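Enquirer: quick check, what structure comes out for this input:
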Amino acid sequence: MTSNIAESVNSMFDVEREFSIIALFDEINRRFALLFHQRRMELVNSANRFVPSIEKDISKYVNAGNKLLAHQIANYKFSVIGHGDVATVNLQRRTCTCRIFDLDKIPYPHAMAALRSQYGANFGNQIYEYSSPYYSMEKYIMTYCEEIHPVPLEDSWIVPLNVIKREIPPPYVDQSKLGRRRYKRRHGVGESFPTRKNKCSVSRDFDHKRTTCPNRNAP
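Expert: This is a model prediction of the structure:
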């Protein structure tokens, strides 16, 4: 796992980064075209309403909500008690004092208990109504519905005349920074830098080394 999307993409093309620029772009095009096709087809025949990871979370939250007790205190507003915790759920506003329902946009155990109290045996169908539609299979497939086609041969390109006549100067090169290119990213300000301490082979301490060890010439 990397710290941002750029690093994730860089890890995908760790070897291809040394290719020429045209070969690199062709490989990027091919890799993402394959990825989009795989993501599009892996769930196209699924019978689930939501993506598998969210369906798994829903099942877990339902089981946890079964252990909680909900009391209605107003219209669509419930007090949920369990495991020494008290939370207030507002189904109309889709909020909870624990804030998880508000942020994840999916009923957490507190909201599950409130839904069961509000809708009874039919609460299972209401779970999806109180969840964000962006978790649905339809939205997931729509994300990868676009097709990525390979770049045609250069002879078939239609390039505007103003682009052809445009003169592009070479990139600026700082002569003071010539040398071997850096491959590993620089650590951020908040990242830790692991250090290695030298260990004395005589006394096995870390505050000195063998050449300066006080026990080196000890009998």
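
Enquirer: quick one, what contacts the closest residue to Val151 other than its chain neighbours?
Expert: Leaving aside its chain neighbours, Val151 sits nearest to Asn29 (6.3 Å; criterion: Cβ to Cβ, 6 or more residues apart in numbering). (Glycine included, C-beta is placed from N, CA and C.) Asn29 makes contacts with Ile148, Pro150, Val151, as judged by Cβ atoms under 8 Å, 6 or more residues apart in numbering.

Enquirer: between those residues, which sits nearest Glu18?
Expert: Val151 (20.2 Å; Cβ to Cβ).

Enquirer: correct me, but the closest one touches Phe25?
Expert: Yes. The pair Val151 and Phe25 qualifies as a contact (Cβ atoms under 8 Å) at a distance of 7.4 Å.

Enquirer: worst-scoring helix or strand of the protein, pLDDT-wise?
Expert: helix 5-12 (a mean of 79; mean pLDDT, DSSP states H and E).

Enquirer: could you give the angle of the longest helix seen in the chain to helix 5-12?
Expert: Secondary structure of the chain per DSSP state H: the longest helix is helix 21-42. Note on geometry: by axes from the mean of the first three to the mean of the last three Cα atoms, to 10 degrees, helix 21-42 and helix 5-12 are set 100 degrees apart in direction.

Enquirer: list the buried residues in helix 21-42.
Expert: Glu27, Phe36, Arg40 (16 or more other Cβ atoms under 10 Å).

Enquirer: can you check stretch 41-50 too?
Expert: Arg49, Phe50.

Enquirer: check which helix or strand Lys139 maps to.
Expert: helix 137-143 (DSSP states H and E).

Enquirer: now Ala113
Expert: Short version: Ala113 belongs to helix 109-119, going by DSSP H and E.

Enquirer: run through who's touching that helix.
Expert: 61-62, 64-72, 76, 78, 80, 82, 87, 89, 91, 94, 96, 98, 100-101, 107, 123, 126-127, 130.

Enquirer: also stretch 120-129?
Expert: So stretch 120-129 is contacted by Arg49, Phe50, Ile58, Val62, Pro107, Met112, Leu115, Arg116, Gln118, Tyr119, Ser136 (Cβ under 8 Å, 6+ apart).

Enquirer: give me the buried subset of those.
Expert: Neighbour counting with 16+ other Cβ under 10 Å marks Arg49, Phe50, Ile58, Val62, Pro107, Met112, Leu115, Arg116, Gln118, Ser136 as buried within the contacts of stretch 120-129.
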